[in-house]
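Novice: Build me a structure from this.
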Amino acid sequence: MITIRHSHERGHLNIDWLDSYHTFSFGNYYDPQYMGWRSLRVINEDRIQPGGGFPTHGHRDMEIITYMLQGSLEHKDSLGTGSIIQRGEVQRMSAGTGIRHSEFNPSSTNTAHFLQIWLIPDRENLPPSYEQQSFNLFKNPGQFQLMATPHNVENTLRIHQDVNLYAACLPSGDRISYSLPPQRYAWIQVAKGEVILNEIPLTIGDGAAIAQETELTFTATNDAEILLFDLA
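Specialist: Take a look at the predicted model:
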């Protein structure tokens, strides 16, 4: 079963420095039918104007992933971490017992465009931690690349939940497949372009909840970038 969450159905917040679309209930946007999918709790597509950003604020007991689509984002947190996340890089922050951080667009000219993803961890009160990783999606188009996993896999981010996060860049006309193991679920998020998922067309900003499916096939009808969450 594949259930589509169309881009235009998402919650929307637009203020002077932030344009944000919420796939699931978040902040002042509430829809009881969209509170998350399995352990996936938040997918926000954010655009921050030059010089704008989120001032220091706190989180706890959440796995937070930032996936850059355009521009850069400056991160500072109470662990003493200070970094700038660029296109092609992904950040994982485990809030655990509590962490405070800020996120700003350091550019004076370019918009920062990214996905902010929250996963409910497999246990509470973890020690807060942070890591950042660069990936070569653009050098290896047409294949899924593992980005985050609970397992000890070299050159991936380590998350505290039974989720494997993949991403792929697909040139127009490319076709790839993914075999979903039995008793597993998936969420697909189209970050760019257009794809056909098992004969269902999806466009930028669309998502899809997947249950009781074993084979997923993606055909790009426009240059596309997609995220695939393999979930318990």
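Novice: can you list the domain ranges for this structure.
Specialist: 10-134, 145-231 (automatic domain parsing).
Novice: quick one, what contacts the residue most central in space within the chain?
Specialist: Centroid check for the chain by Cα atoms, centre = their mean gives Ile117 as the closest residue, at 4.4 Å. Counting by Cβ atoms under 8 Å, 6 or more residues apart in numbering, Ile117 makes contact with Leu40, Val42, Ile43, Asn44, Ile64, Ile65, Thr66, Tyr67, Leu165. Where C-beta positions appear, they are placed from N, C-alpha and C, glycine not excepted.
Novice: ditto for Asp223
Specialist: Cys169, Leu170, Pro171, Ser172, Lys192, Gly193.
Novice: one more time with 6 Å, if that's ok
Specialist: Pro171, Ser172, Gly193 (Cβ atoms under 6 Å, 6 or more residues apart in numbering).
Novice: Highest neighbour count among the residues you listed?
Specialist: Most neighbours among the contacts of Asp223, by other Cβ atoms under 10 Å: Gly193, with 19 neighbours.
Novice: how about that residue, what does it touch?
Specialist: Per Cβ under 6 Å, 6+ apart, neighbours of Gly193: Asn222, Asp223, Ala224.
Novice: Kindly indicate which of those lies nearest Glu9.
Specialist: Ala224 (20.0 Å; Cβ to Cβ).
Novice: And the nearest residue to the closest one once chain neighbours are set aside, how close does it get to Asp16?
Specialist: Excluding the flanking residues, the one nearest Ala224 by Cβ to Cβ, 6 or more residues apart in numbering is Gly193, at 3.2 Å. Between Gly193 and Asp16 the computed distance is 29 Å (Cβ to Cβ, to the nearest Å).
Novice: Put the alpha carbons of stretch 14-32 into CSV.
Specialist: Output in CSV follows, covering the C-alpha atoms of stretch 14-32 (Å, rounded to 0.1, in the frame of the first residue of the first chain):
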residue,chain,number,x,y,z
ASN,A,14,6.0,32.1,5.8
ILE,A,15,7.6,34.9,7.8
ASP,A,16,10.1,37.5,6.8
TRP,A,17,13.2,35.3,7.0
LEU,A,18,11.7,31.7,6.8
ASP,A,19,9.6,29.9,4.3
SER,A,20,8.8,26.4,5.7
TYR,A,21,6.6,23.5,4.5
HIS,A,22,5.6,20.8,7.1
THR,A,23,5.0,17.2,5.9
PHE,A,24,3.8,16.3,9.5
SER,A,25,2.2,18.3,12.3
PHE,A,26,4.8,20.8,13.6
GLY,A,27,4.6,24.0,15.7
ASN,A,28,1.3,25.8,15.0
TYR,A,29,0.4,23.4,12.2
TYR,A,30,-1.6,20.4,13.5
ASP,A,31,-3.3,17.6,11.5
PRO,A,32,-4.2,14.5,13.5
